[in-house]
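J.: predicted coordinates and the sequence they were generated for:
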Amino acid sequence: MNAHPEQQIACHPSVRRWIFLRAVLIGLLVGAWWIFFAPDSLMEHSLKITLGIVAGLVATGSYLFNLRKTLYPQETNTPVAEDR
């Protein structure tokens, strides 16, 4: 496999571990923010906790989805430009 140096670095397991750890920490921060700082007048306490957990999961998934090509690069064939 002839990968670019950036792709080889992105495929390294320790880089993936740090990206997954960062995603989990972002999810925890977003979830904790929602649980602790969302106004109580908007919803019940149990619903606030549930929505905080959901918001954390969505934040984690969104971060990983946006980095999917970095985490798992695919070898692409570049099209040959035609002369006109």
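T.: Happy to help now that I have it. Because the structure is a prediction, the values reported are computed rather than measured.
J.: max-length helix in the protein?
T.: helix 13-37 (DSSP state H).
J.: name the helices or strands packed onto that helix?
T.: helix 45-66, helix 68-71 (3 or more CB pairs under 8 Å, 6 or more residues apart in numbering; DSSP states H and E). No exception for glycine: its C-beta is placed from N, CA and C like everyone else's.
J.: for those, which has the smallest mean pLDDT value?
T.: With a mean of 76, helix 68-71 has the lowest mean pLDDT of the helices and strands packed on helix 13-37.
J.: buried sites along that helix?
T.: The neighbour-count check on helix 68-71 (16 or more other CB atoms under 10 Å) flags Thr70 as buried.
J.: for that helix, which helices and strands make contact with it?
T.: Secondary-structure packing of helix 68-71 (3+ CB pairs under 8 Å, 6+ apart): helix 13-37.
J.: what's the mean pLDDT across the helix it packs on?
T.: 91.
J.: what about Gly27, neighbour count?
T.: 21 (other CB atoms under 10 Å).
J.: quick check: it touching Gly56?
T.: Yes - Gly27 is within contact range of Gly56, at 4.1 Å (criterion: CB atoms under 8 Å).
J.: that older thread, looking at the helices and strands packed on helix 13-37, which is buried most?
T.: helix 45-66 (a mean of 15; mean count of other CB atoms under 10 Å).
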